[in-house]
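Trainee: structure for this input, please:
(2 chains)
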Protein chains: 2
Amino acid sequence: MIDIAKNIATTPRRTKASVIRELLKTTNQPGIISFAGGLPAPEHFPYDFVADTVKEIMDKKGRVALQYGPTDGLPELKEEFIKFLKKYEGLNVKPDELIITTASQQALDMVGRLFIDASDPVIVEKPSYMGALQVFRSYGAEFIGVKLEDDGISTEELQEKLEWLHAQDEHYKFLYLVPDFQNPSGVTLSEAKRHKVIELSEKYNVAVIEDSPYRQIRFEGKEPKMLYRLDQDGKQTHNIVSLFTFSKTFAPGLRLGIILGHPQIIKKMEILKQSLDLCTSSLNQLIAAEFLRTGFFEKHIEVVKKDYRIKKNAMVSALERYMPEGVTWTNPEGGLFLWVRLPETMSADDMFQDALKENVAYVIGSAFHSDGSGKNTMRLNFSFASPEKIDEGIKRLAAAVKKRLVAVK
Amino acid sequence: MIDIAKNIATTPRRTKASVIRELLKTTNQPGIISFAGGLPAPEHFPYDFVADTVKEIMDKKGRVALQYGPTDGLPELKEEFIKFLKKYEGLNVKPDELIITTASQQALDMVGRLFIDASDPVIVEKPSYMGALQVFRSYGAEFIGVKLEDDGISTEELQEKLEWLHAQDEHYKFLYLVPDFQNPSGVTLSEAKRHKVIELSEKYNVAVIEDSPYRQIRFEGKEPKMLYRLDQDGKQTHNIVSLFTFSKTFAPGLRLGIILGHPQIIKKMEILKQSLDLCTSSLNQLIAAEFLRTGFFEKHIEVVKKDYRIKKNAMVSALERYMPEGVTWTNPEGGLFLWVRLPETMSADDMFQDALKENVAYVIGSAFHSDGSGKNTMRLNFSFASPEKIDEGIKRLAAAVKKRLVAVK
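Mentor: All right, here's what the predicted structure looks like:
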């Protein structure tokens, strides 16, 4: 047999297995309450809608649904998504600013593939979404981490880092942000900072990737405008590339996402996608187009928001009741995750096996740090488990923390 | 705005737009009879089966269908595919030898990504499938072309090239073959040559990619064994990686393919796929699992084979009647394509616009040649148009050829 170690290329050697995906395998055991995944609550999936819609699609548009489609996506879905952006984001977007992707992980791969050569600096939040770090790393990105504050990325530190990169003649490629209910922290970028980010993008001529999978799941507080919208209204840098997914607002099983960007960038993405998978499932695109067109989307999202608010509050309430002093957490206004900080002396990495023994699981925070720091942090998902399970799970997690605290002292 | 030309990375700069995808845009005009695409005949798509099956899936397995799935694919589909391989190919395969992909274009991307670093030699047939050439080129492959004969790749020339690469200490990565009803030529690799390919794979320790999207669509002649099977039975090089797709045997709109290979290779592929798109649509995987499980697949494939045989014969018959002397073509025993050779002095590239004026389209053969040769060749698809349209289309194509022949003289 060929010597695999000698035959594989540089990119796969740089591609590390996803901690989340590997964790999920161990945390699917019965009895474990898992806060590790990012799974939407299955009880809300619109099963009847999908069954009825597929029947109608087969009757009326079967020849489109089962055939190859255009690489940039079906006009049916683009049209409905443009209406959606107009209604909810006040955006005026043309079809050539959009490309449909096989969910947002593919969008992240396309962003990495389009921009990154080995050793190119890529600016990320600290912590940042590990699925993005994983794929950008596979292309050889050098991460420049900028600290995350309660109102989003530190624009002060961002400016310093950009200034430094600029002074060094570094070929920095883009700033990657999750501005709404960030994964993993749950933090939202304030509107004031959004203006600043666009200003810096113009000044330092750097692309900004606005990855926003949770934006529609806001259950409290006021919504700041999308970066893409602020750019369209004002500075017109055209440097913003926004990523949208149907995984949290509809169903991950459809594998549908959308990239929004300047037509020149979208055209390049289209050529990349030809060689990545030719096109995204036409059937699934038509299902999503109907989901938007019929207004089922709006009803669905209301149900989801109501449920996730209850669950988030259940988790925060349980953390308040069970966690020992010295442990802190974020209290997000939307999304699927919150972020827990243990005392600096503790390691959530080391505690993971203890937690499993208590039958509870989380994702280690260090996996979201481009430099491996953040050992005392963890990400908790609140969308999947029921409020009762959340209460029980946090109780178990607190037990593991308390045992460690004693051991550390 | 950022300077895109300066900001994009090496891989997209090497990724050229697909001639077929670009052609398809021009050939979709009404009135044109197009032999350019590779579209399955839509009249046979199992519309009712899909509608009924999705209803049943939503009732019984909705929570699996609409949720994230494992990166390597759902056990339901793996299980049915393993039975399929046992029944039709006499293969004994374990689940860890399989990974489900977002159709075979993604499989080709994963092969390229796993093996190719810039300047690595990759051995291909001349002509070869352009979707594979496109993606391998994007990773910086140096193509070593080996001529294609009526019974498949020239194993004599293959051995010479391998010997030469070996003597030069070249880090050659794999041999890419479409052994059954090759795209574009329609040629099938004989069983004798298959044994030779495995022997050479062992001798020169080179991986062999067996890309076989049309194998199930054999409407005449005897089927040689899969390379994977011959290897399993005999030489046990474990160097064979086989690619399967549901695009021609079921529906391209589902975007489903499968890679078959040694578990060590599949494990690497799984890690790559985590960063490419996390997982393939669970809904679509369950539909395909039911397609196999219920035996609907077998009935469907019989209908398709009967239809494509009639259409292929209609095309060959029309070529015999209308084409001037000096034009030759292949007569495939299956698949979707045949291959036309014009006299050496003619250029199918130059003739393309003439053909469009006659309201008929094809794909230029040079697009399938890694070195840009084959200017006098073209690929014709016979699966999509009706026998009547095929007759009319070949008549038009012959008219364009005759006008050129006169002009050339």
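Trainee: select the longest helix from chain A.
Mentor: helix A:296-322 (DSSP state H).
Trainee: from the contact counts, what lies against that one?
Mentor: helix A:282-293, strand A:337-341, helix A:387-408 (3 or more Cβ pairs under 8 Å, 6 or more residues apart in numbering or on different chains; DSSP states H and E). Every C-beta, even on glycine, is put in place using the N, C-alpha and C of the backbone.
Trainee: hmm, try it at 10 Å
Mentor: Identification of packing neighbours for helix A:296-322 by 3 or more Cβ pairs under 10 Å, 6 or more residues apart in numbering or on different chains; DSSP states H and E yields helix A:47-65, helix A:75-89, helix A:282-293, strand A:328-329, strand A:337-341, strand A:377-381, helix A:387-408.
Trainee: could I get the buried residue list for stretch A:159-166?
Mentor: A:159, A:161-162, A:165 (16 or more other Cβ atoms under 10 Å in any protein chain shown).
Trainee: just the helices and strands packed on helix A:296-322: most buried one?
Mentor: strand A:377-381 (a mean of 27; mean count of other Cβ atoms under 10 Å in any protein chain shown).
Trainee: tilt between that strand and helix A:387-408?
Mentor: Angle of strand A:377-381 versus helix A:387-408, following axes from the mean of the first three to the mean of the last three Cα atoms, to 10 degrees, is 170 degrees.
Trainee: note down every partner strand of strand A:377-381 and its orientation.
Mentor: Using DSSP bridges, strand A:377-381 pairs in its sheet with strand A:337-341 (antiparallel), strand A:363-364 (antiparallel).
Trainee: contact partners of the shortest one?
Mentor: Applying Cβ atoms under 10 Å, 6 or more residues apart in numbering or on different chains, the contact partners of strand A:363-364 are A:19-20, A:23-24, A:27, A:34-38, A:130, A:184, A:337, A:347-352, A:374-375, A:377-381.
Trainee: where do the helices sit along the stretch 1-150 of chain A?
Mentor: A:4-7, A:10-14, A:19-27, A:47-65, A:75-89, A:103-115, A:130-138 (DSSP state H, counting those that start in this stretch).
Trainee: how about these in CSV, adding mean pLDDT and distance to chain B?
Mentor: Listed next are the helices of the stretch 1-150 of chain A as CSV, based on pLDDT from 0 to 100; distance: least, Cβ to the nearest Cβ, whole Å:
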stretch, mean pLDDT, distance to chain B
helix A:4-7, 84, 5
helix A:10-14, 90, 5
helix A:19-27, 69, 5
helix A:47-65, 98, 4
helix A:75-89, 97, 13
helix A:103-115, 97, 4
helix A:130-138, 95, 4
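Trainee: among those helices, which comes closest to B:Gly253?
Mentor: helix A:47-65 (5.3 Å; Cβ to Cβ).
Trainee: got the angle for that closest one vs helix A:282-293?
Mentor: Going by the same axes, to 10 degrees, helix A:47-65 makes 130 degrees with helix A:282-293.
Trainee: helices and strands around the lengthiest strand in chain A, which ones?
Mentor: Across chain A, the longest stretch assigned as strand under DSSP state E is strand A:142-149. Packing contacts for strand A:142-149, counted by 3+ Cβ pairs under 10 Å, 6+ apart, involve strand A:121-126, helix A:130-138, helix A:155-167, strand A:174-177.
Trainee: try it again at 6 Å.
Mentor: In this structure, strand A:142-149 packs against strand A:121-126, helix A:155-167, with contacts taken as 3 or more Cβ pairs under 6 Å, 6 or more residues apart in numbering or on different chains; DSSP states H and E.
Trainee: would you turn those into TSV with distance to A:Phe115 and mean pLDDT?
Mentor: Compiled in TSV, those are given as follows (distance: least, Cβ to Cβ, whole Å; pLDDT from 0 to 100):
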stretch	distance to A:Phe115	mean pLDDT
strand A:121-126	8	97
helix A:155-167	15	97
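Trainee: closest one to chain B among the ones you listed?
Mentor: Within these, the stretch nearest chain B is strand A:121-126; the backing value is 11.3 Å (Cβ to the nearest Cβ).
Trainee: okay, A:Gln178 and A:Val208: tell me how far apart.
Mentor: Careful, residue A:178 is Val and not Gln. 12 Å (Cβ to Cβ, to the nearest Å).
Trainee: so these two - more neighbours on which side?
Mentor: A:Val178 (30 against 24; other Cβ atoms under 10 Å in any protein chain shown).
Trainee: and the nearest residue to that one once chain neighbours are set aside, how far from B:Ala385?
Mentor: Spatial nearest neighbour of A:Val178, excluding adjacent residues (Cβ to Cβ, 6 or more residues apart in numbering or on different chains): A:Asp211 at 5.0 Å. Using Cβ to Cβ, one gets 43 Å for the distance from A:Asp211 to B:Ala385.
Trainee: so those two - more neighbours on which side?
Mentor: A:Asp211 (27 against 24).
Trainee: and the gap between the more buried one and A:Asp117?
Mentor: A:Asp211 is 21 Å from A:Asp117, by Cβ to Cβ.
Trainee: how does chain A divide into domains?
Mentor: Using automatic domain parsing, the domain ranges for chain A come out as A:4-45+A:298-408, A:68-296.
Trainee: closest to B:Val316 out of these?
Mentor: Closest among those, using Cβ to Cβ: domain A:68-296, at 25.4 Å.
Trainee: got the residues of the stretch 101-250 of chain A near chain B?
Mentor: A:102, A:105-106, A:109, A:113-117, A:134-135, A:138, A:205, A:207, A:238-239 (Cβ under 6 Å from any Cβ of the partner chain).
Trainee: revised request: answer the last question for the stretch 251-400 of chain A.
Mentor: Residues of the stretch 251-400 of chain A lying near chain B (Cβ under 6 Å from any Cβ): A:251-253, A:255, A:264, A:268, A:271-272, A:274-278, A:281-283.
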